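*Asks:* test case, fold it:
(4 chains)
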There are 2 protein chains.
Amino acid sequence: MELAEAKQKFIEAWGKLGSEWGINRTMAQVHALLLISPEAMTTEEIMESLSISRGNANMTLRDLIGWGLVEKQHKAGERKEYFYADKDTWNIARQVAKERKKRELDPVLKVLDELSKVKGDTADLEYKTFNKSVTDINRLAKNVDKTLETMLKAEENWFWGSIFKIFK
Amino acid sequence: MELAEAKQKFIEAWGKLGSEWGINRTMAQVHALLLISPEAMTTEEIMESLSISRGNANMTLRDLIGWGLVEKQHKAGERKEYFYADKDTWNIARQVAKERKKRELDPVLKVLDELSKVKGDTADLEYKTFNKSVTDINRLAKNVDKTLETMLKAEENWFWGSIFKIFK
DNA sequence: TTAAATTTTCAAAATTTATTGAAAGTTTAA
DNA sequence: TTAAACTTTCAATAAATTTTGAAAATTTAA
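*Replies:* Residues are numbered from 1 along each chain as shown, chains lettered A, B, ... in the order given. Next up is the predicted model:
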């Protein structure tokens, strides 16, 4: 396979995976493009590469910066802004985990905590079923949360090493 | 908080989380509704509870069955179909992990494997950057994959026990 | 200052995804 | 058989999300 074709496939695959996981396809594609670009790119170059509009490119880059995955760079004597993606895969994974935890897991944990405190008649099957499901899901979500917390602080090798030491 | 209000909140929260993670909101809500229902429900009851159409209810239930989260039940002497959700949270988590792995992770792993085999000029920065990112992501994805494989076979207590033994 | 270069905004348009509802299909009881 | 009860299908519609592009805002060089 040619490099150019391979790049295209990578961008497509990343975009598809993103959209399956609730991440805007274009955002995932811009990220993929920057991930395989050795140099920081301008908005123009990104627009051109992916055939997207200026507005779309601008907002998407803004979002990626908000996710902590991309940074602006300035080149001496140039007015244009350049965009560069962190290439460290473990950093990327942690950054995504951190943001999604904050935006999505934490709020739902808060609701589950409230809901598992709701009191009711323990003889009432409706109540018992509600309470059991909510409590169980809450426990699972807390375990996921704790594991993510560990991941956020960990070095990649230590983290996987620890996991596979047991799981083999 | 009243039980009725709590149920409502649970259904909303589950629907929101689902939609953030690429799962149809209605599907997540129907699942939530069945999770807190002690008894199997009919299509009619589900339509009524969530104010959705018959067609939507039917397709959503079909999907949930396809995900292995819900099963059809028949009551003696009755013609209607009843729908019942597995209440075991660990089973649910495993089932979701299993399906998403199969539908989304496995295909992307296949692409990454191909792409990391693409040969090129190691002096070419474009190639080097592409190759490094793809290879690194592939390695990470394989680690996730291995961990999921373990999870799919594991008992809940053993799994979390093993993880927290190290992470504390 | 001015004006060219560049970035940002956001209403409108396009696209994608989800939902409806009625007709067609199926099953079962009599 | 028939027909009532129930389920499924899917074209049409609605809703949600994404994208565009041109105008407004901002920045910088002169």
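*Asks:* got the buried residues for stretch A:22-39?
*Replies:* A:23, A:26-37 (16 or more other CB atoms under 10 Å in any protein chain shown). No exception for glycine: its C-beta is placed from N, CA and C like everyone else's.
*Asks:* nearest residue to the middle of chain A?
*Replies:* A:V96 (2.9 Å; CA atoms, centre = their mean).
*Asks:* could you chop chain A up by domain?
*Replies:* A:3-85, A:89-167 (automatic domain parsing).
*Asks:* among the ones you listed, which is nearest B:N56?
*Replies:* Across the domains of chain A, B:N56 has its closest neighbour in domain A:3-85 (20.7 Å, CB to CB).
*Asks:* didn't A:G15 look like it was pressed against A:V30?
*Replies:* No: the criterion here is CB atoms under 8 Å, and A:G15 misses it with A:V30 at 9.1 Å.
*Asks:* the one helix or strand A:L61 maps to close to DNA strand D?
*Replies:* For A:L61, the host element (DSSP states H and E) is helix A:54-66. Yes: using CB under 7 Å from any atom of the strand, we find that helix A:54-66 touches DNA strand D at A:54-56, A:59-60.
*Asks:* what sits against the residue nearest to the centre of chain A?
*Replies:* A:67, A:69 (CB atoms under 8 Å, 6 or more residues apart in numbering or on different chains).
*Asks:* and whichever residue of chain A sits closest to DNA strand D, what does it touch?
*Replies:* Closest to DNA strand D within chain A is A:G55: 1.8 Å, counting by CB to the nearest atom of the strand. Contacts of A:G55 were listed using CB under 8 Å, 6+ apart, and none were found.
*Asks:* quick one: it from A:W67, how far?
*Replies:* According to CB to CB, to the nearest Å, A:G55 and A:W67 sit 19 Å apart.
*Asks:* got it, and A:F10?
*Replies:* 19 Å.
*Asks:* who's more crowded, these two?
*Replies:* Per other CB atoms under 10 Å in any protein chain shown, whichever of A:F10 and A:W67 has more neighbours is A:F10, with 24 against 18.
*Asks:* three-state assignment of the more buried one?
*Replies:* With DSSP: H, G, I helix; E, B strand; the rest coil as the basis, the three-state label of A:F10 is helix.
*Asks:* pLDDT score for it?
*Replies:* Per-residue confidence (pLDDT) for A:F10: 98.
*Asks:* ok, now which ones touch it?
*Replies:* Going by CB under 8 Å, 6+ apart, the list of residues near A:F10 reads A:32, A:36, B:111, B:115, B:130, B:134.
*Asks:* equivalent analysis for A:M41, please.
*Replies:* A:33-34, A:49, A:82-84.
*Asks:* quick one: A:S133 and B:I92 touch, right?
*Replies:* No: counting by CB under 8 Å, A:S133 stays clear of B:I92, with 9.5 Å between them.
*Asks:* give me the more crowded residue out of those two.
*Replies:* Legend: neighbour count by other CB under 10 Å for A:S133 and B:I92, higher for A:S133 (24 against 21).
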